[in-house]
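**Student:** Turn this into a model:
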Amino acid sequence: MKKIQYITLLLMVCGTLSAQQFPFMEGYTINPFSISPAFAGIQNNKTLFIDYRSDWAGLGGGPTTYQLSYNDKVAKNVGLGGRFIYDKTDIFKQTLIVGSYSYEVKFADKHRINFGLSAGLYKNSIDLVKYFNNPDYVTDAALISGLEKSKFKFVSDVSALYRLGNFESGILFSNLMFGTTKYRTSEVTYKPFMNYMAHAAYNYQASERWDIKPFVLWRAGQHVPGMVEMAATATYNKKVWATALMRTAGVWGFGAGVQLLDGILVNYSYNLSSGVALNTFGSHQITLGIKLFRATPKLHKAAAPAVIEAPVEPELAKISGTITRKSDNKPVLGTMTVSENSTEIQKTIVNNGTFNLDLKSGKTYKLDMSSDNYPTVSKTVELPVNKSLNNINFEVEYVSAVKGTVTDQATGAGVNSTITISKNGVVEQTISANGLYNLKLQQGAVYQLEYKAEGYYNKKVNADLSKEDFAEVNIQLEKIKKEAFNFESGKSVISSSSLPVLDEFIVRLKDNPDLKFEISGHTDNVGSPVSNRKISGVRAQSCVDYMISKGIAADRLKPVGYGQDQPLVPNTTQENKAKNRRVEANILK
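**Tutor:** Have a look, this model is predicted:
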């Protein structure tokens with residue numbers, strides 16, 4: 001009975017430390033199959049991976065794990081793989097042998113989902129002899145029986161992996177339908193916990209030689225708190241890489257790897273904790289990958305040695321097509337610019353309306369066709385591996401020209417402005433102009449041009465190209481200044497002479513919907529300060545009410561009455577007093 005109590009206690013402790021069906025491993029940078037069976041046959045297949053990991057290296061009896069794994073693509077959509085794992089934590093040992101199957105489903109052209117399933121056998125043991133023979137522990141007759149071994153038990157995992165271009169995300173459920181593990185010489189049973197894992201990653205091609213891959217991974221399980229891991233791997237020329245990671249509870253990690261010769265991969269990882277001494281926590285993992293199978297040797301002659309065919313590499317392929325005018329199908333002269341990942345890599349002159357481009361296959365390119373008399377037309381093309389693309393045809397429309405100047409209304413000086421071009425209410429392009437501009441637009445339409453400049457009122461005009469192929473539009477922009485509307489003495493009604501000024505101001509407000517104004521009322525010094533402040537507020541509100549009645553939103557206008565406190569000129573003459581009886585509009589935004 002006492003022996004059973006010892007075994008049960010040890011299983012509870014070791015089970016908590018090794019709660020996952022598959023012990024904690026890194027190295028997924030070069031061997032993602034180690035974290036999910038759904039990766040079988042996708043990356044670094046036909047490669048045998050050997051892993052050694054030591055956790056809590058500064059403590060005697062810390063977790064030590066050995067792993068062998070191999071996977072391959074055996075059919076168009078099918079991958080197979082297998083893993084052997086031996087894990088030891090002090091007196092607790094566990095062994096796993098699992099086989100994996102994955103199946104790929106492709107939908108919506110570029111979307112892929114790989115479903116993975118693993119099944120195998122599990123066994124563990126507890127070496128009680130170590131406790132009995134170790135003088136550091138209390139000698140107890142209940143421990144004399146020595147090594148306790150479990151019977152083999154069925155294990156299984158299910159997983160799914162989603163991929164779109166360079167993005168991937170996946171989820172794994174392990175220890176499903178596990179049941180309990182029974183021991184051969186005792187009545188103790190052991191039931192490992194169910195575990196879950198999810199990850200997401202994106203491979204960013206920074207240049208032709210550099211790749212950056214951020215990686216986020218979440219692990220959790222039954223009775224096991226969740227843990228988040230964030231990592232990033234930088235790879236140079238597909239052969240040298242370095243990794244940095246951060247994990248929950250202050251764990252930091254670093255790793256580096258290299259491809260040696262042809263088909264030999266080596267990776268080293270090290271973990272440390274910000275809260276534990278380096279000589280206590282440090283964790284090490286070494287991963288070795290060996291390519292086992294290559295192209296079958298091909299004998300050319302009986303006496304000649306075998307020639308091993310090199311792996312197929314993407315070759316140059318052609319993209320060809322035509323550039324014609326839509327109206328009459330005539331060839332167009334121009335320039336074809338080719339870009340990859342927003343970087344221009346090639347520029348070709350198109351002389352006779354046809355083009356032929358020699359580009360590296362297996363990549364995606366953007367083609368921009370430009371000409372002096374036509375708008376630029378763009379297409380994005382995915383060039384398959386070792387396969388050419390024909391009939392990539394462009395159609396362009398002849399363009400008309402709209403040119404002119406943008407100047408200050410008062411000084412005639414050029415103004416730096418932004419011009420927005422719209423057709424039928426839809427914005428087609430926006431350009432910057434430094435006093436002069438020249439637009440290329442398709443003929444046969446009426447365009448709306450809106451001119452904007454900081455410190456100036458916007459201005460809108462139409463350019464009619466329905467019948468002409470050229471228009472000159474010169475614009476004068478008016479600076480935003482303080483507007484004033486006058487009132488008669490003692491009255492809150494706008495003077496008849498100020499109404500046209502106020503109506504013109506309302507037009508500017510409608511053309512500049514983003515502007516807001518303070519509408520401030522002022523008086524002369526006739527009357528008491530209290531009465532003057534009151535009537536100035538009434539005058540300001542009178543102007544606001546009038547503008548609202550003309551369709552200006554109330555939240556763009558802020559009425560304020562200042563009374564006689566802010567005169568424009570001294571109240572020494574009737575003429576000056578008339579100038580001071582006013583309402584001003586000062587811009588707020």
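
**Student:** If we ignore the residues flanking it in sequence, what's nearest residue 339?
**Tutor:** residue 366 (4.5 Å; Cβ to Cβ, 6 or more residues apart in numbering). Every C-beta, even on glycine, is put in place using the N, C-alpha and C of the backbone.

**Student:** what do you get for residue 232?
**Tutor:** residue 214 is the one closest to residue 232 (Cβ to Cβ, 6+ apart), at 4.7 Å.

**Student:** circling back to that earlier point, doesn't residue 380 make contact with the residue nearest to residue 339?
**Tutor:** Yes. Contact criterion Cβ atoms under 8 Å: residue 366 and residue 380 qualify, at 5.2 Å.

**Student:** neighbour-wise, which of these two wins?
**Tutor:** Set residue 366 next to residue 380 and count neighbours by other Cβ atoms under 10 Å: residue 366 wins out with 16 against 9.

**Student:** And that one, which helix or strand is it part of?
**Tutor:** For residue 366, the host element (DSSP states H and E) is strand 363-371.

**Student:** With residue 535 instead?
**Tutor:** helix 529-549.

**Student:** which element follows that helix toward the C-terminus?
**Tutor:** strand 557-561.

**Student:** Adjacent strands (with direction) for that next one?
**Tutor:** Partners of strand 557-561 in the sheet, by DSSP bridges, are strand 517-522 (parallel).

**Student:** how far off helix 529-549 does the strand it pairs with point, in degrees?
**Tutor:** Following axes from the mean of the first three to the mean of the last three Cα atoms, to 10 degrees, one obtains 140 degrees for the angle between strand 517-522 and helix 529-549.

**Student:** So what touches strand 517-522?
**Tutor:** With contacts defined as Cβ atoms under 8 Å, 6 or more residues apart in numbering, strand 517-522 is touched by 509, 535-541, 543-544, 547, 556-564, 566-568, 580-588.

**Student:** re earlier: can you read off the pLDDT for the residue nearest to residue 339?
**Tutor:** Residue 366 carries a pLDDT score of 93 in this model.

**Student:** where's it relative to residue 212, distance?
**Tutor:** 21 Å (Cβ to Cβ, to the nearest Å).

**Student:** What of residue 237?
**Tutor:** Taken as Cβ to Cβ, the span from residue 237 to residue 212 is 14 Å.

**Student:** Over to residue 531?
**Tutor:** The gap separating residue 531 from residue 212 is 72 Å, by Cβ to Cβ.

**Student:** try residue 233
**Tutor:** Counting by Cβ to Cβ - residue 233 and residue 212 are separated by 8 Å.

**Student:** And these two? Which one has more around it.
**Tutor:** Neighbour totals were compared for residue 233 and residue 212, and residue 233 leads with 22 against 14 (other Cβ under 10 Å).

**Student:** now that one, what's its secondary structure?
**Tutor:** Three-state assignment for residue 233 (DSSP: H, G, I helix; E, B strand; the rest coil): strand.

**Student:** if I pick the residue nearest to the spatial centre of the chain, what's in contact with it?
**Tutor:** Most central in the chain under Cα atoms, centre = their mean is residue 202, positioned 8.2 Å from the mean C-alpha point. By Cβ under 8 Å, 6+ apart, the contact set of residue 202 is 166-168, 213-214.

**Student:** And the buried ones among these, selectable in PyMOL?
**Tutor:** Buried residues among the contacts of residue 202 (16 or more other Cβ atoms under 10 Å), as a PyMOL selection:
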select buried, resi 168+213
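
**Student:** Where does residue 287 sit, in terms of helix or strand?
**Tutor:** strand 283-291.

**Student:** Render the CA-only coordinates of stretch 210-218 in PDB, please.
**Tutor:** Backbone C-alpha positions of stretch 210-218 (Å, rounded to 0.1, in the frame of the first residue of the first chain) are rendered in PDB as follows:
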ATOM      1  CA  TRP A 210      16.800  37.800 -47.000                       C
ATOM      2  CA  ASP A 211      13.700  36.400 -45.400                       C
ATOM      3  CA  ILE A 212      12.100  37.400 -42.100                       C
ATOM      4  CA  LYS A 213       9.600  35.100 -40.400                       C
ATOM      5  CA  PRO A 214       7.800  36.100 -37.300                       C
ATOM      6  CA  PHE A 215       6.100  33.300 -35.400                       C
ATOM      7  CA  VAL A 216       3.500  33.300 -32.600                       C
ATOM      8  CA  LEU A 217       2.700  30.100 -30.700                       C
ATOM      9  CA  TRP A 218       0.200  29.300 -27.900                       C
END
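
**Student:** Do a quick rundown of the helices in the stretch 351-500 of the chain.
**Tutor:** Ranges of helices in the stretch 351-500 of the chain, per DSSP state H, counting those that start in this stretch, are 499-511.

**Student:** Quick one: low-confidence residue ranges for it.
**Tutor:** Scanning the stretch 351-500 of the chain for pLDDT under 70 picks out 373, 398-399, 489-491.

**Student:** where do the strands sit along it?
**Tutor:** 354-360, 363-371, 374-383, 394-396, 399-408, 416-423, 426-434, 436-442, 446-452, 459-464, 470-472, 475-477, 483-486 (DSSP state E, counting those that start in this stretch).

**Student:** Residue 260: which of those strands is closest?
**Tutor:** strand 354-360 (26.0 Å; Cβ to Cβ).

**Student:** list the buried ones in that closest one?
**Tutor:** 355, 357, 359-360.

**Student:** Can you tell me which of the residues you listed is nearest residue 426?
**Tutor:** For the buried residues of strand 354-360, the nearest to residue 426 is residue 355 (30.3 Å; Cβ to Cβ).

**Student:** partners of that closest one in the sheet?
**Tutor:** residue 321.

**Student:** now residue 171
**Tutor:** Bridge pairing for residue 171 (DSSP bridges) gives the partners residue 160, residue 198.

**Student:** my read: residue 587 touches residue 457, true?
**Tutor:** No. The criterion here is Cβ under 8 Å, and residue 587 misses it with residue 457 at 10.2 Å.

**Student:** Who has more neighbours out of these two?
**Tutor:** residue 457 (20 against 14).

**Student:** Can you tell me which of the contacts of residue 202 end up in helices?
**Tutor:** Among the contacts of residue 202, none falls in helices (DSSP state H).

**Student:** Lowest-confidence one in the contacts of residue 202?
**Tutor:** Among those, pLDDT bottoms out at residue 166, giving 83.

**Student:** For that one, give its distance to residue 210.
**Tutor:** 14 Å.

**Student:** go on, residue 231?
**Tutor:** The gap separating residue 231 from residue 210 is 17 Å, by Cβ to Cβ.

**Student:** again with residue 419
**Tutor:** Taken as Cβ to Cβ, the span from residue 419 to residue 210 is 39 Å.

**Student:** Those two: who's more crowded?
**Tutor:** Taking neighbours as other Cβ under 10 Å, residue 419 and residue 210 compare with residue 419 leading, 21 against 12.

**Student:** right, and the more buried one touches residue 453 too?
**Tutor:** No. With contact defined as Cβ under 8 Å, residue 419 and residue 453 do not form a contacting pair (9.9 Å).

**Student:** shared neighbours, those two?
**Tutor:** By Cβ under 8 Å, 6+ apart, the residues touching both residue 419 and residue 453 are residue 406.

**Student:** what touches both of residue 366 and residue 380?
**Tutor:** With Cβ under 8 Å, 6+ apart, residue 366 and residue 380 have no common neighbours.

**Student:** Contacts made by stretch 66-80 with the rest, please.
**Tutor:** Contacts for stretch 66-80 (Cβ under 8 Å, 6+ apart): 25, 31, 33-34, 39-42, 45-53, 81-87, 99-106, 114, 292-293.

**Student:** Can you give me the separation between the closest residue to residue 447 other than its chain neighbours and residue 429?
**Tutor:** Counting by Cβ to Cβ, 6+ apart, residue 447 lies nearest to residue 463, which is 4.7 Å off, once chain neighbours are set aside. According to Cβ to Cβ, residue 463 stands 13 Å off from residue 429.
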